[in-house]
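**Q** turn this into a model:
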Amino acid sequence: MKTRVLLLAIVLAGFGSPSAALAHASLVGSEPAEGATVAASPPTLRLDFNEPVAPLVVRLVGPNGEALTPPVKAKNESLTISAPPLARGTHVLSYRVISADGHPIGGSLTFSVGAPSTGGAGAAASDTPADVKAAIWATRLLIYLGLFVGIGGAGFRALIAQRQLLPRGAEQVIAAATTAGLFASLLSLGLQGLDALALPLTRFANIEVWRSAFATSYAWTAIAAAGAMLLGLISLRAKAPAPVGLCAFAALAGTGLALGFSGHAATSGQLPLSRLIVFVHAVCIAFWVGALVPLAWIVRDTVRKGRSGEGELARFSKLIPLPLGLLIASGAYLAWGELDRADALWTTAYGEVLSFKLAAVLVLLALAAANRYVLVPRLAAAAQSPPGRSFALATSIAAESVVVLAILGTVALWRFTPPPRALIAAEPSSIHFHGDKAMAQIDVTPVRARGADVAIEVLDGKFRPLAVKAVTLFLSNNAAGIEPMRHDAQSLGGDAWRVEDLRIPTGGRWRLRVDILIDDFDKESLEDDVLLPRAPSG
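**A** This next block holds a predicted model:
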């Protein structure tokens, strides 16, 4: 009883954190704005995000390509950068921060002092090298194998096999998956540091890399995963029933906790609820996936060695409906929380990964249903387990294992694909148009479920507010076959104008034209190709 209470306390402690988080940080504003031209060198620069972030690397690249590392202060959702006197021309502010889900976010913005440079400033690198990304994907896949195949297999032994030894081949596969996952979880910490600082693999042993890794929420995921897999190995080695069961159940709980400490789904919305649902989802996956390897060996042994596996098959078939139902329900809830619209399943990278996963899960469910309602009953009804029926069931379980491997490899790609829920709060597009008689500073801010809001500030050639009679936007996209759409801006007084509920049906490169009616006889037309985010109206 004391052991159960202790395990429950550990699980609940993993959920006890601040009540809400947006989980994937996005830049939502800056001073100066992207593409802006300011009259004089600003003493400070500011980056505003949609949630609190911690700075990792901030660089300021001048017109001559010289890079500086200015002092940075973080307060709530903003970073304030103390800028030295800046030369005339175009500057690039490159940043890399860590968000609540443990994922590094990098980007750059450009602004000009006095006037834009002829050649512009060279951007500082802010993306993770391709070989580091490949290594991150590989270690994530090994960690998933360790958590689900390894720890899940240990759980099968404790719960389904009733603490009896599994076939030797199954024990070896489960132990190998757990060991590989244990080492991968430790290696992933160094890769997390490289990812955080956008450094190459050659810097893996650098102390700053590891220090940065331990400063992120992913460190708790790696530590919890390593601890869970260590418990799983102890459970596999143990002979006495008590340590087998205790370590196996603690390892299963550690699987749920590990995935609940970081990641998109675990750190979105109401944090305790999100983590609880991720916990349930992970444990149910481990219960299902962990059974595949031992069941495949057990079914094989029914033919080769005359071993009866009907007990394990019957117990698993009896227990699996509940975890499977919880798995589907929790997965649907998590997917709903990450998507902001149905067509995100095929219009975003995150959605494409999810779509492939859902298709693979449907195949997996079909195989599981065939096992549960056709192959297992036939095998149980046979007086002497005909080899053909055993082979059919073993083949079906092997096919399930292949599909599971494809799913885990696909899910590991989510590290590099922020969910649409996070993208909807992405950085507003800031556009600066410079004309002879007038200039326009335009900020396009996507608003969930109602298009985008456009703020327009009209200035004269000396950066002074300019009162005009009318402002009209024209938006077109020839590649998408969209003819110019006209939007008359509403005056907010002085030099401020606004367009609400602007519908941008597809993200990408658009032709934007701004007609500024200065007076009855004078009009300035400014236009250029700009990159705009998708902002549907519903």
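**Q** mind listing the helices for the stretch 401-538 of the chain?
**A** If you assign secondary structure with DSSP state H, counting those that start in this stretch, the helices in the stretch 401-538 of the chain sit at 420-423.
**Q** quick one: the strands in it?
**A** For the stretch 401-538 of the chain, the strands defined by DSSP state E, counting those that start in this stretch cover 429-434, 439-446, 452-459, 470-477, 482-488, 490-493, 496-502, 508-519, 522-532.
**Q** most remote residue from this structure's center?
**A** Relative to the centre of the chain, and counting by Cα atoms, centre = their mean, the farthest-placed residue is Phe521 at 52.9 Å.
**Q** just the pLDDT for that residue.
**A** On the pLDDT scale, Phe521 is placed at 84.
**Q** where does it fall, phi/psi-wise?
**A** Backbone torsions of Phe521, given as degrees, to the nearest 10, read phi -120, psi 0.
**Q** do you know how far Arg59 is from Gly106?
**A** Distance of Arg59 to Gly106, given as Cβ to Cβ, to the nearest Å: 11 Å. The way it works is simple: take the backbone N, C-alpha and C, and place the C-beta from them, glycine included.
**Q** my bad, should have said Ser188
**A** 19 Å.
**Q** so the two - more neighbours on which side?
**A** More crowded of Ser188 and Gly106, by other Cβ atoms under 10 Å: Ser188, with 26 against 19.
**Q** okay, and the more buried one sits in which element?
**A** Remark: Ser188 resides in helix 168-197, with elements defined by DSSP states H and E.
**Q** what residues of that helix count as buried?
**A** Under the neighbour-count criterion of 16 or more other Cβ atoms under 10 Å, helix 168-197 has 170-171, 173-175, 177-182, 184-185, 187-197 buried.
**Q** same for the helix or strand that that helix is followed by, what does it pack against?
**A** Using DSSP H and E, the next helix or strand after helix 168-197 towards the C-terminus is helix 207-214. Counting contacts by 3 or more Cβ pairs under 8 Å, 6 or more residues apart in numbering; DSSP states H and E, helix 207-214 packs against helix 168-197.
**Q** could I get the average pLDDT for the helix it packs on?
**A** Helix 168-197 comes out at a mean pLDDT of 92.
**Q** likewise for stretch 339-355?
**A** Here stretch 339-355 scores 78 as its mean pLDDT.
**Q** that one: which residues count as buried?
**A** By neighbour count with 16+ other Cβ under 10 Å, stretch 339-355 contains the buried residues 339-341, 344-345, 347-354.
**Q** which among those gets closest to Ala130?
**A** Nearest to Ala130 among these: Ala349, at 15.9 Å, using Cβ to Cβ.
**Q** hang on, that closest one packs against Trp414?
**A** No: the pair Ala349 / Trp414 is not scored as a contact, 9.4 Å apart, by Cβ atoms under 8 Å.
**Q** export stretch 37-49 as CSV, just CAs?
**A** The C-alpha coordinates for stretch 37-49 follow below in CSV (Å, rounded to 0.1, in the frame of the first residue of the first chain):
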residue,chain,number,x,y,z
THR,A,37,13.7,52.4,-40.9
VAL,A,38,14.4,54.6,-37.9
ALA,A,39,15.8,58.1,-38.0
ALA,A,40,18.4,57.6,-35.3
SER,A,41,20.2,54.7,-33.5
PRO,A,42,17.9,53.3,-30.8
PRO,A,43,19.4,52.9,-27.4
THR,A,44,17.6,49.6,-26.8
LEU,A,45,15.9,46.9,-29.0
ARG,A,46,13.0,44.8,-27.8
LEU,A,47,11.7,41.4,-28.8
ASP,A,48,8.2,40.4,-27.6
PHE,A,49,7.0,36.8,-27.5
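**Q** what segments of the stretch 51-200 of the chain are helices?
**A** Ranges of helices in the stretch 51-200 of the chain, per DSSP H, counting those that start in this stretch, are 130-144, 152-159, 168-197.
**Q** tell me which of the ones you listed lies nearest to Gly325.
**A** helix 152-159 (17.3 Å).
**Q** state the distance from Arg464 to Arg372.
**A** Distance from Arg464 to Arg372, counting by Cβ to Cβ: 75 Å.
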